[in-house]
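Asker: no FASTA, just this:
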């Protein structure tokens, strides 16, 4: 792709600062394109993926472990196992978006899973600047980037939360933003047990 060619050509630049700046821009452009493609193709991918039994506890714990493996700070809080019928790829992408968002704005992420007989809740919390209550509904709209420090997402078009909301809605669930105990943001996915997943 053109971006891959730019990345290869940047490797040949002798000046370190210039080479690093160009490579950073290429990575940023790749992330923007990836977020746009994920948003535009999301409905088609969701329709193509069959719901299956998925251990959400293992998925969340693995995402936390992945952050630690990359040198970040993350912890999973919840049961060892929690199985639910979901579209695994779509839901994992949604939670991954929340984890990446939390790491972008905070120094650590806590992934909490709570299961009751009626529903399962996944909360991704950070210790960043949070989002003001009056801005939370707007933050869920596609292509919206807030003016404060929380909203200056240089890695995308402001589609991460919109992708999450669409994936959760397809599972008959709810997605909400709230204040985390640490003062940062708590992004909460609530899925009903036995939900009728949109076809």
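Answerer: That came in fine, so what should we check first? These numbers were taken from a predicted model, which means no experiment stands behind them. Residues are numbered from 1 along each chain as shown.

Asker: And stretch 5-13, what's buried?
Answerer: By neighbour count on 16 or more other Cβ atoms under 10 Å, the buried set for stretch 5-13 is 7, 10. All C-beta atoms are positioned from the backbone trio N, CA, C, and that covers glycine.

Asker: Now tell me what touches it from outside.
Answerer: Residues outside stretch 5-13 that contact it (Cβ atoms under 8 Å, 6 or more residues apart in numbering): 19, 22-23, 26.

Asker: Which of those residues fall in helices?
Answerer: Members of the contacts of stretch 5-13 lying in helices (criterion: DSSP state H): 19, 22-23, 26.

Asker: so for the helix or strand containing residue 138, what's the average pLDDT?
Answerer: According to DSSP states H and E, residue 138 maps onto helix 136-139. The pLDDT scores in helix 136-139 average 78.

Asker: and what of stretch 188-199?
Answerer: Mean per-residue pLDDT for stretch 188-199: 74.

Asker: and which of the contacts of stretch 5-13 is nearest residue 50?
Answerer: Of all the contacts of stretch 5-13, residue 50 sits closest to residue 26, with 35.7 Å by Cβ to Cβ.

Asker: And for the closest one, the neighbour number?
Answerer: Counted with other Cβ atoms under 10 Å, residues neighbouring residue 26 total 19.

Asker: okay, and for the protein, where does confidence drop off?
Answerer: Confidence mapping of the chain against pLDDT under 70 gives the ranges 28, 30-48, 142-159, 195-199.

Asker: need the strands for it, in chain order.
Answerer: With DSSP state E as the criterion, the chain has strands at 52-55, 74-77, 83-86, 109-115, 119-126, 174-179, 185-192.

Asker: closest one to residue 138 among those?
Answerer: Here strand 174-179 is closest among the strands of the chain (Cβ to Cβ), at 10.5 Å.

Asker: okay, the angle between that closest one and strand 185-192?
Answerer: Orientation of strand 174-179 against strand 185-192 (axes from the mean of the first three to the mean of the last three Cα atoms, to 10 degrees) gives an angle of 150 degrees.

Asker: buried stuff in strand 174-179?
Answerer: By 16+ other Cβ under 10 Å, the buried positions in strand 174-179 come out as 175-177.

Asker: other SSEs contacting that strand?
Answerer: helix 136-139, helix 160-170, strand 185-192 (3 or more Cβ pairs under 8 Å, 6 or more residues apart in numbering; DSSP states H and E).

Asker: Sort out which residues of the longest one are buried, please.
Answerer: Going back to what we said before, that points to helix 160-170. By neighbour count with 16+ other Cβ under 10 Å, helix 160-170 contains the buried residues 160-168, 170.

Asker: Compute the inter-axis angle for it and strand 185-192.
Answerer: 20 degrees.

Asker: Please convert the helices and strands packed on strand 174-179 to CSV, extending it with distance to residue 116.
Answerer: Below are the helices and strands packed on strand 174-179 laid out as CSV (distance: least, Cβ to Cβ, whole Å):
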stretch, distance to residue 116
helix 136-139, 24
helix 160-170, 17
strand 185-192, 10
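
Asker: Out of those, flag the one nearest residue 125.
Answerer: When these are compared by Cβ to Cβ, strand 185-192 sits nearest residue 125, at 4.6 Å.
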